[in-house]
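> Have a look at this fold, sequence not included:
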């Protein structure tokens with residue numbers, strides 16, 4: 001796809017200038033904000049804290065299925081919003097980061113997508129992989145990235161406050177989605193101390209995969225170490241996580257592959273597996 005000026009739409013930005021962090025009444029919202037604040041400070045970005053008072057998830061049956069529970073949970077989130085906004089504004093002021101507070105109610109994915117139309121990065125959390133609740137109002141990151149139009153930084157429920165990106169691993173597939181993820185991540189890759197490129201190849205491959213993208217990145221002052229693995233389709237997600245842990249990566253960069261319509265990501269996809277079982281942040285693009 002070409003822009004009006006004829007340049008490739010994958011042309012990377014020099015920095016993240018507008019960052020949107022998803023806020024809600026959940027246990028991970030302050031960690032998300034802490035990471036977002038540090039990224040905004042590092043990249044001299046404008047930070048938008050989007051607080052959604054609608055419950056993220058409800059139990060599949062019983063009390064959670066009633067409108068009474070939904071209304072009660074929403075009211076609690078509204079009351080909590082006052083304290084969260086105060087803490088957010090005070091933290092941003094101390095960090096010298098311009099902050100914009102927004103509050104809405106509604107389907108979390110639709111609200112995020114609407115507010116993400118003019119931002120460079122969205123930050124969300126992923127729930128625990130073993131969580132049994134039915135997310136009827138919030139959608140997993142592999143669905144979010146298909147609709148927001150910008151990269152999504154997904155934080156695991158075990159994520160600690162701090163700036164990710166010291167040691168980055170790129171999961172390279174040789175696809176347009178992988179290229180988009182690499183280009184979107186350039187502001188982070190250029191600041192990283194170490195970058196590893198994992199190329200999962202077929203046994204019959206004639207040449208080492210990843211050499212062309214490695215050369216491409218070197219022209220952007222990003223030098224990578226290439227590692228290869230002969231993985232099968234059923235275990236690609238676990239292969240990515242294995243190498244991320246083995247290389248002590250604190251961030252995974254990968255493309256999200258799926259259909260363009262919401263809720264049509266292939267069940268059991270690589271993106272779904274990685275974001276559900278990760279222990280470090282993952283930057284995904286589509």
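Yep, it's here. All values reported here derive from a predicted model rather than from experimental measurement.
> can you give me the strands in the stretch 151-286 of the chain?
Remark: strands assigned in the stretch 151-286 of the chain by DSSP state E, counting those that start in this stretch are 152-155, 167-172, 194-200, 225-229, 251-255, 282-285.
> ok, residues contacting the second one?
Yep, that's strand 167-172 we're talking about. For strand 167-172, the surrounding residues in contact (Cβ atoms under 8 Å, 6 or more residues apart in numbering) are 178, 181-182, 185, 188-189, 192-200, 209-210, 213, 224, 240, 243-244, 247-255, 274. Placement of C-beta: from N, CA and C, glycine included.
> thinking again about what came up before, so which of the strands of the stretch 151-286 of the chain comes closest to residue 17?
For the strands of the stretch 151-286 of the chain, proximity to residue 17 was assessed by Cβ to Cβ; strand 152-155 is nearest, at 15.0 Å.
> That closest one pairs with which strands?
strand 121-125 (parallel), strand 282-285 (antiparallel) (DSSP bridges).
> what's the model's confidence in it, averaged?
Mean pLDDT, strand 152-155: 93.
> which secondary element of the protein has the worst mean pLDDT?
Least confident helix or strand, the chain: helix 141-148 with a mean of 78, by mean pLDDT, DSSP states H and E.
> helices and strands around it, which ones?
helix 108-115, strand 121-125, strand 152-155, helix 270-277, strand 282-285 (3 or more Cβ pairs under 8 Å, 6 or more residues apart in numbering; DSSP states H and E).
> what's near enough to touch residue 21?
Contacts of residue 21 (Cβ under 8 Å, 6+ apart): 32, 33, 35, 36, 47, 48, 49, 50, 122, 123.
> so the last one bridges to which residues?
With beta bridges defined as DSSP bridges, residue 123 has these partners: residue 21, residue 153.
> so it makes contact with residue 34?
No. If you go by Cβ atoms under 8 Å, residue 123 and residue 34 don't touch, sitting 10.3 Å apart.
> out of the two, which sits in the busier spot?
Using other Cβ atoms under 10 Å as the criterion, residue 123 and residue 34 rank with residue 123 on top: 25 against 18.
> Find me the pLDDT at that one, would you?
For residue 123, the predicted pLDDT is 95.
> for residue 52, same thing?
Reported pLDDT for residue 52: 93.
> pretty sure it is touching residue 20, no?
No. With contact defined as Cβ under 8 Å, residue 52 does not reach residue 20; the gap is 11.9 Å.
> how many neighbours does residue 80 have?
Close neighbours of residue 80, defined as other Cβ under 10 Å, add up to 15.
> Which helix or strand contains it?
Per DSSP states H and E, residue 80 falls inside helix 67-95.
> Please tell me I have it right and residue 189 contacts residue 217.
Yes. With contacts counted by Cβ under 8 Å, residue 189 reaches residue 217, the gap being 7.0 Å.
> More neighbours: those two, which one.
Ranked by neighbour count (other Cβ under 10 Å), residue 189 and residue 217 place residue 189 first, with 24 against 21.
> and that one, what does it touch?
Contacts of residue 189 by Cβ under 8 Å, 6+ apart are 165, 168, 170, 182, 195, 217, 220, 222, 253.
> Return the closest of these with respect to residue 88.
Nearest to residue 88 among those, with distances taken as Cβ to Cβ, is residue 165, at 22.4 Å.
> Could you check how far that closest one is from residue 41?
Going from residue 165 to residue 41 by Cβ to Cβ, to the nearest Å gives 13 Å.
> between the two, which one's more packed in?
Per other Cβ under 10 Å, whichever of residue 165 and residue 41 has more neighbours is residue 165, with 24 against 15.
> so which strand or helix has residue 50?
For residue 50, the host element (DSSP H and E) is strand 46-52.
> Adjacent strands (with direction) for that strand?
Going by DSSP bridges, the partners of strand 46-52 are strand 18-24 (parallel), strand 99-104 (parallel).
> which one of these is the most hemmed in?
Per residue and on average, the most neighbours among those fall to strand 18-24, with a mean of 25 (mean count of other Cβ atoms under 10 Å).
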